[in-house]
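# Take this sequence and fold it.
(one chain, ligands or ions: 2)
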Amino acid sequence: MGAYEYVGPPYIDLAVTGGSIQPSTGRAGQAIDVTLRVANIGLYRSAGNWTHVYLSKDATYDPSDYLWIPGVSVPPLAAGQETSGVLHARIPSVASASYYVIAHCDVINEVAEWDEQNNWKAIGVLTVPTSAARWSWYRCNKGRFLRQFSAARCALTSLPVGAIWNCTFRAKNQSYRGGEGVVADGSNRS
Ligand SMILES: [Ca+2]
Ligand SMILES: [Ca+2]
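Ligands and ions are numbered 1, 2, ... in the order given. The predicted structure follows:
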């Protein structure tokens, strides 16, 4: 027995020790590499466990966070051992915003730990930018006498993915007859 051998109760402690995302900005469907590090910072060997990766509006995990990459398998770890891996993921269809990428190890608590409260860590920030509003076309069902105006009053610099925006669209009946209906819309085709 060494002079400093630990003789207390089993001391196992898993923790997310770090990670990164590359690139840190992208739109839905884009490929992202998520690097993740999990360590056993305890003094006894830990069993394998499952780790999830979430997108969160703030740096603290809570159950409403978006489960992005579920079920990353973390192998058994010797005391003090760290494991790392690169996950290849795609950005999901989430609202445009900046999200903290939070990793959570031992998600179903298969490992009894000294500290269960240090199993979450924000490992980066992923920004899903707003889509630039390039209103490439407008149309109205131009009748013989309807004139379509440019949508000068429809000015918008950006529109979140999936958002709907109402604007005022102008058309003019230049004839001497009434009764022509108008349907108008615009589309961002970017
Ligand atoms: Ca822990
Ligand atoms: Ca645990």
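
# Helix or strand: which one has residue 70?
Element membership for residue 70, per DSSP states H and E: strand 66-74.

# who's in contact with the helix or strand just after that strand?
Remark: after strand 66-74, the chain's next helix or strand is strand 82-90, criterion DSSP H and E. With contact meaning CB atoms under 8 Å, 6 or more residues apart in numbering, strand 82-90 is reached by 17, 19, 28-40, 53, 68-69, 72, 74-75, 77. In short, each C-beta sits where N, CA and C put it, glycine included.

# Report the buried members of the residues you listed.
Buried by 16 or more other CB atoms under 10 Å: 17, 19, 32, 34, 36-40, 53, 68-69, 72, 74, 77, out of these.

# Looking at those, spot the one nearest residue 97.
In terms of CB to CB, no member of those lies closer to residue 97 than residue 68, at 13.5 Å.

# Relative to residue 113, how far out is that closest one?
24 Å (CB to CB, to the nearest Å).

# Contact residues of the chain facing ligand 1?
With the criterion set to CB under 5 Å from the ion, the chain comes near ligand 1 through 13, 14, 113, 115, 118, 119.

# so which of those also contact ligand 2?
Contacts with ligand 2 within the residues of the chain next to ligand 1, as defined by CB under 5 Å from the ion: residue 113.

# which of the residues of the chain next to ligand 1 are buried?
Among the residues of the chain next to ligand 1, those classed as buried by 16+ other CB under 10 Å are 13, 14, 113, 119.

# Give me the subset of those residues lying in strands.
With DSSP state E as the criterion, strands contain residue 14 from among those.

# Dump the buried ones among the residues of the chain next to ligand 1 into JSON lines; add pLDDT as well.
Listed next are these as JSON lines, based on pLDDT from 0 to 100:
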{"residue": "13", "pLDDT": "97"}
{"residue": "14", "pLDDT": "98"}
{"residue": "113", "pLDDT": "95"}
{"residue": "119", "pLDDT": "96"}
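
# tell me the contacts of residue 61?
Residues in contact with residue 61 (CB under 8 Å, 6+ apart) are 54, 102, 104, 120.

# Who wins on neighbours among those residues?
Top of the contacts of residue 61 by neighbour number is residue 102, holding 25 neighbours under the definition other CB atoms under 10 Å.
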